[in-house]
Every structure is written in C-alpha cells, then in structure tokens.
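> Let me see the structure of the following:
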Amino acid sequence: MPRDALRIWVNQSLPDDARRALEEGAGAHELLFTDKSIALNIDHGAPDPAARDSDVAFGQPNVDDVIASPRLNWVHLSTAGYARYDREDVRAALRARGAAMTNSSTVFADPCAQHVLAMMMSFARRLPDALAHQREQRWAFGAIRYESRVLTGQTALIVGLGSIGRRLIELLAPFRMQVTAVRRSPRPEESLYVRRMDEVERLLPRADHVINLLPAGANTHHFFNADRLSRTKPGAFFYNVGRGDTVEQSALMHALRSGQLAGAYLDVTSPEPLPPDHPLWTAPNCHITPHTAGGQQFEFVVLVQHFLENLARFERGEALRDQII
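Now for the predicted structure:
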C-alpha cells in the first residue's frame with residue numbers, strides 16, 4: 001500500500017455495479033470489505049476490530065468502534081439519518097482526534113423531495129379516488145372533476161429543514177405556493193422563509209400541507225402529538241417522510257377519522273415494517289409507501305459516487321459535503 005494510501009473499511013453491502021464503482025474510484029487506497037456487512041443501509045453494524053484500525057469508514061460502523069478507534073479520521077454514513085451517532089460521547093471522541101462524520105443526505109434529497117411532490121399532486125388531483133373508482137369500473141366524473149384542486153397559491157409548512165426540504169422548496173417554486181419552514185436554528189440567509197421551531201404551533205393553523213421531515217431523536221419523539229395535530233388547519237394534508245416515531249400514530253388516526261386532516265401520506269411508520277393488522281392500513285384517506293421515498297434506480301451507485309466525491313475532498317483537505325460532526 002502506498003505511503004499516503006488510506007485504509008477504507010466498508011460494511012455497506014453493495015451490488016456488483018456499485019462495488020465496481022467503489023473499487024475503481026478508490027484508486028491506490030486499500031478497501032477493506034468486512035464480512036460483517038449490513039443488508040440495509042439503515043441497519044447498525046456489528047463491532048469489528050478492523051474498523052478501529054482503519055482511516056475511513058463507509059457504511060454504518062458500530063458506535064463503540066467509532067468512539068474507541070485511535071485512527072478513524074472520517075466516518076461517511078450511507079444514510080441521511082444519524083440518530084444513533086448523535087451523542088456527546090461520539091462527538092467528543094471525534095473532536096479529540098480531529099475526525100469528521102458525514103452523511104448521505106444529498107443522495108436522498110431529490111428522490112425524497114420528488115416523492116413528497118408526487119404525494120401532494122396525487123391528493124390535489126384526486127388520483128387515489130380515481131384509482132379506487134377504476135377498480136370498481138366506475139366513471140365518477142363529477143365526484144372527481146369538481147373536487148380536484150390546484151397547488152397554486154396554497155400554503156405549505158415544512159417541519160425540519162435540511163437538504164430534502166431545500167430541494168422540495170425548489171420543486172414547489174413553479175406552483176407559486178406560500179412555503180414556510182421551521183428548524184431549530186434558522187440561518188441568516190434563510191430569514192425570508194424559515195422560522196424557529198418554537199413557532200410551529202402558530203404556523204400549523206395556516207398550512208394546507210404539513211410536511212414532516214424531522215429526524216429521529218429525543219427532541220423529536222412524538223413531535224406531532226394530539227395537541228399539535230389538533231392545531232392543524234381543518235382539511236389540511238399531512239405527509240411524513242422523516243421518521244415514524246416523530247408522529248403519535250394514535251393521534252394521527254384520530255385526526256384522520258375526525259376529518260381534522262383531509263388525508264395523510266406516510267413513507268415511514270413505527271414500527272417498520274408495519275404489521276398487517278395495524279389500523280393505519282385502513283385509516284381513512286391514509287396512503288402508505290414502504291419507506292421507499294429515498295429510493296431510486298442505481299441507488300447504491302449514487303451512494304458510492306457521493307462517497308468518492310467526498311473522498312477526493314478529504315484527500316485535498318477541503319470541506320466535506322454533508323458534514324454533520
């Protein structure tokens with residue numbers, strides 16, 4: 001191994017095309033594919049001494065390995081979420097050795113934002129109703145045509161602003177919607193459309209569309225509880241492509257059954273997979289996709305390309321994309 005080559009530990013299971021792309025892109029660096037690879041990129045890796053003796057980790061390394069390694073200088077997560085690493089002991093260990101952690105949020109920005117837009121347009125144009133009538137071989141002209149809506153001029157509230165939310169704002173721009181986002185710490189350059197998280201109760205009654213992009217965490221558990229859902233504008237639509245446990249699902253079902261919410265689109269639930277007998281499956285106007293919002297054809301190739309772009313930045317000592325620690 002050349003003197004300046006890095007040892008890159010990988011526990012993300014990759015299909016052949018993505019693995020070839022990684023092998024070709026890594027150049028002279030040593031790739032160490034662990035036999036303890038994860039099947040899904042949301043899984044947590046098992047402890048592996050080889051991770052502690054590497055310079056870079058790509059995938060989902062075990063938290064204890066991240067903390068204990070004397071050598072690991074950069075961890076690149078194969079997910080947008082990083083709740084299991086969002087701990088002070090992890091941050092302290094990385095700071096102590098001048099290490100960095102990045103995630104793959106950029107990879108999932110476009111597919112997730114487009115997924116939300118598809119959901120919004122589906123509700124507006126009454127596509128679920130039309131499909132239901134098609135199954136009944138029923139030509140429901142008036143029931144659909146005169147209840148269809150346009151997004152133009154409607155109001156959307158994005159709760160939790162990151163790369164997905166920023167991309168969604170770009171996609172909604174042609175509809176001339178009134179879009180507001182809330183986040184914990186608004187940035188000065190976002191002052192025209194971003195508010196503090198503690199203003200969400202004031203903003204909920206104004207929104208035709210409430211889009212939940214919150215990550216998992218102690219501060220976001222059941223963020224959308226009975227009280228906040230009761231504050232939504234009557235007839236609003238609710239979308240969740242963040243994490244399932246950020247929503248109190250019994251309260252969501254009550255809001256749907258009472259008509260407080262006109263409908264919900266959920267890409268994430270708690271638990272996952274959602275059990276076949278779970279009442280969310282049959283809640284009125286509730287539509288569920290099985291945590292597929294971030295997916296796309298050649299997803300793992302795109303993940304590898306994102307990692308390789310950051311690897312080139314790491315080699316040059318440049319700022320890394322999607323750095324979280």
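> Now do the buried residues in stretch 252-271.
By neighbour count with 16 or more other C-beta atoms under 10 Å, stretch 252-271 contains the buried residues 252-256, 260-270. Yep, even glycine has a C-beta here, placed from its N, CA and C like the rest.
> now stretch 303-317
For stretch 303-317, using 16+ other C-beta under 10 Å, the buried residues are 303-308, 310-311, 314.
> Report the separation between the closest residue in space to H221 that isn't next to it in sequence and W281.
The shortest distance from H221 to any residue other than its chain neighbours is 5.7 Å, reached at D245 (C-beta to C-beta, 6 or more residues apart in numbering). Look at D245 and W281: by C-beta to C-beta, to the nearest Å, they are 18 Å apart.
> What of A226?
From A226 to W281 the distance is 21 Å (C-beta to C-beta).
> related to what we said a few turns ago, in helices, which of the buried residues of stretch 303-317 fall?
Among the buried residues of stretch 303-317, the members falling in helices (DSSP state H) are 303-308, 310-311, 314.
> Show me which of those is closest to F58.
Nearest to F58 among those: F307, at 5.5 Å, using C-beta to C-beta.
> wait, what's in contact with that closest one?
22, 58, 76, 104 (C-beta atoms under 8 Å, 6 or more residues apart in numbering).
> Could you check how far it is from V200?
Per C-beta to C-beta, F307 is found 34 Å from V200.
> Now do the helix or strand hosting R166: distance to the chain's middle.
Assigned by DSSP states H and E, R166 belongs to helix 163-172. With C-alpha atoms, centre = their mean, to the nearest Å as the basis, helix 163-172 stands 12 Å off its chain's centre.
> Likewise for stretch 205-218?
From the chain centre to the centre of stretch 205-218 is a distance of 12 Å (C-alpha atoms, centre = their mean).
> one step back: give me the buried entries from the contacts of F307.
If we count by 16+ other C-beta under 10 Å, these have these buried: 22, 58, 76, 104.
> which phi and psi does the third one have?
Which is H76. Phi and psi for H76, reported as degrees, to the nearest 10, are phi -110, psi 110.
> Run through the bridge partners of it.
Beta-bridge pairing of H76 under DSSP bridges involves F58, T102.
> number of nearby residues for the nearest residue to Q296 once chain neighbours are set aside?
For Q296, ignoring the flanking residues on the chain, the nearest one in space by C-beta to C-beta, 6+ apart is P111 at 4.7 Å. P111: 20 surrounding residues under other C-beta atoms under 10 Å.
> what's the answer for G27, then?
13.
> now P61
P61: 30 neighbours (other C-beta under 10 Å).
> Same check on the one 5 residues further on?
Other residues within reach of V66 by the criterion other C-beta under 10 Å amount to 24.
> While we're on it, how confident is the model there?
If you check V66, the pLDDT there is 97.
> Okay, and it sits in which element?
helix 63-68.
> Now do the buried residues in that helix.
Of the residues in helix 63-68, those buried (16+ other C-beta under 10 Å) are 63, 65-67.
> Then stretch 222-229?
Judged by neighbour count using 16+ other C-beta under 10 Å, the buried positions of stretch 222-229 are 223-224, 228-229.
> Low-confidence stretches in the chain?
Scanning the chain for pLDDT under 70 picks out 1-3, 41-42.
> Please repeat the previous calculation with a cut-off of 90.
By pLDDT under 90, the weakly predicted segments of the chain are 1-4, 35-46, 81, 83, 184-193, 217-218.
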